[in-house]
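**Q** A structural model of the following input is requested.
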Amino acid sequence: MLHCVQLAGLLHDIGIFIQHGLSNKGELKHPQISRDFILLYKDILSQYVDVSVLAELVERHHGNPLFPKEILAQEASPENRPLCLLLNQANCMSDLECDENGGFFKDSKGIPLSSVFAQLQLYVDKARPVPKGYRPLPLKPEDAFPYEETSLNKAYSKELFALVENFKKDFSQLADESGGLQFEAFLSRLTALLQQYTWPVPSNTEKKGSDISLYDHLKTTSAIAAALYLYHQEKGDFSEESICNLNEKKFRLVVGDLSGIQKYIFSGLAKTS
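**A** Prediction:
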């Protein structure tokens, strides 16, 4: 079941990405689109997990009681409700605005990922930099630089549609080539594919100025969900009360800081030059 939780964390918001690139948003909410995506590729995913469980996890990863009942974790089937609640906890820990943002009732909009440097304010002139965002293109060094947001508007929708369509093609190819792969290898390939295509899409598609990518949100949600699952598995308690208890210390975040690395690099270059 750990594998199912890991995949659910990676794919729970794939519906945001798909919906983000559609010109006609339709009536489905992004969790329902995520469910349909899982069911579309059930043949490959069933090699690794119970697809029916995975589909319900990605569909029911929200907990705000104001949301429609069909996407709520607390309304999941009794046998899957604990894991849906666990994924909801991981989702909210990864994105603290997830269940507070009423915008999730609305359709995803074509809003670019903002550059984090646009949030900086220099004390010299107290002027903020010109807002910049990223083009919706597959991850390549030459395409990883931000542009002024006004210059993104002309081709953004067209490029975004192409990005989503190319992701679908590459995911289909991944599915075709994954027969016989160990789960860890499949998970690694899927993570790399998500990085390639969801890096320039904001995790919050309703808020201008969002500088957290969907890829970062998916990756951290999966990691947190796995950590929570292992904690409750070791504890032997998957009760709803225990899963929803935020006072328990269930995992640790490890932060690394390579202080002085620039001085070290440049001193080394000076010695070799």
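**Q** was I right about residue 167 contacting residue 197?
**A** Yes: between residue 167 and residue 197 there is a contact at 4.1 Å, judged by CB atoms under 8 Å. Every C-beta, even on glycine, is put in place using the N, C-alpha and C of the backbone.
**Q** Just the element for residue 192, please.
**A** helix 183-198 (DSSP states H and E).
**Q** my read is residue 216 is in a strand, agree?
**A** No: in this structure, residue 216 is helix, not part of a strand, as judged by DSSP: H, G, I helix; E, B strand; the rest coil.
**Q** tell me the contacts of the residue nearest to it when sequence neighbours are not counted?
**A** Spatial nearest neighbour of residue 216, chain neighbours left out: residue 203 (7.1 Å); criterion: CB to CB, 6 or more residues apart in numbering. By CB atoms under 8 Å, 6 or more residues apart in numbering, the contact list for residue 203 reads 13, 16, 95, 210, 212, 213, 214, 216, 217.
**Q** Can you check the pLDDT for the residue nearest the centre of the chain?
**A** By CA atoms, centre = their mean, the chain has its centre lying nearest to residue 218, at 2.4 Å. What the model reports as pLDDT for residue 218 is 97.
**Q** Over to residue 83?
**A** 97.
**Q** Leaving out sequence neighbours, find the closest residue to it.
**A** Closest to residue 83 by CB to CB, 6+ apart is residue 57, at 5.9 Å.
**Q** I'd like to know how many residues surround residue 255.
**A** Using other CB atoms under 10 Å, residue 255 is surrounded by 5 other residues.
**Q** State the three-state secondary structure for it.
**A** Classification of residue 255 by three-state DSSP places it in coil.
**Q** What segments of the stretch 101-250 of the chain are helices?
**A** Here the stretch 101-250 of the chain has its helices, by DSSP state H, counting those that start in this stretch, at 149-152, 156-177, 183-198, 214-235, 240-243.
**Q** which other helices and strands contact the second one?
**A** Contact here means 3 or more CB pairs under 8 Å, 6 or more residues apart in numbering; DSSP states H and E; on that basis helix 156-177 packs against helix 14-20, helix 42-45, helix 183-198.
**Q** and if we set it to 10 Å?
**A** helix 14-20, helix 30-40, helix 42-45, helix 183-198 (3 or more CB pairs under 10 Å, 6 or more residues apart in numbering; DSSP states H and E).
**Q** All set now, cheers.
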